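Participant: Just the structure for this:
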Amino acid sequence: MTELKVSSYVIVRDRCPMRFRVTGGDDVEFSFGGTRDPFEFVFDAEALRGFLRVGTDALREMDAQAATEQAAATR
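Facilitator: Purely as a prediction, here's the structure:
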């Protein structure tokens, strides 16, 4: 099995429906979008932990950048 399989490019916005389903002891499936034609992907537990670490870092950087932009706009 390969570490990554890519089939499309996706942009997820604030109001996009998001769901998850644990599919086995070590896998979770995430679905984005409508139930008729969702974008889906699956993580094993360790990959999900890694994704959440990277996502947390990304949120920190996004928040810091937004705070910097907001401070500059109020000057």
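Participant: can you list the weak-confidence ranges in the protein?
Facilitator: Along the chain, the parts satisfying pLDDT under 70 run over 1, 7.
Participant: For this structure, which segments count as strands?
Facilitator: Under the criterion DSSP state E, the chain contains strands at 18-24, 27-32, 39-44.
Participant: Partner strands of the second one, with direction?
Facilitator: Right, strand 27-32. Strand pairing for strand 27-32, determined by DSSP bridges: strand 18-24 (antiparallel), strand 39-44 (antiparallel).
Participant: What are the contacting residues of that strand?
Facilitator: Residues external to strand 27-32 that are found in contact with it (C-beta atoms under 8 Å, 6 or more residues apart in numbering): 10, 12, 16-23, 38-45, 48. Placement of C-beta: from N, CA and C, glycine included.
Participant: Generate a PyMOL selection restricted to the buried subset of these.
Facilitator: This is the PyMOL syntax for the buried subset of the contacts of strand 27-32, where burial follows 16 or more other C-beta atoms under 10 Å:
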select buried, resi 43+48
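Participant: count of neighbours near T74?
Facilitator: T74 has 6 neighbours, counted by other C-beta atoms under 10 Å.
Participant: quick one: it from D63, how far?
Facilitator: 17 Å (C-beta to C-beta, to the nearest Å).
Participant: One more: R53?
Facilitator: 16 Å.
Participant: now V10, nearest residue through space, not along the chain?
Facilitator: F39 (5.3 Å; C-beta to C-beta, 6 or more residues apart in numbering).
Participant: thinking again about what came up before, need the strands paired with strand 27-32 in JSON lines with distance to T68, can you?
Facilitator: Below are the strands paired with strand 27-32 laid out as JSON lines (distance: least, C-beta to C-beta, whole Å):
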{"stretch": "strand 18-24", "distance to T68": "28"}
{"stretch": "strand 39-44", "distance to T68": "32"}
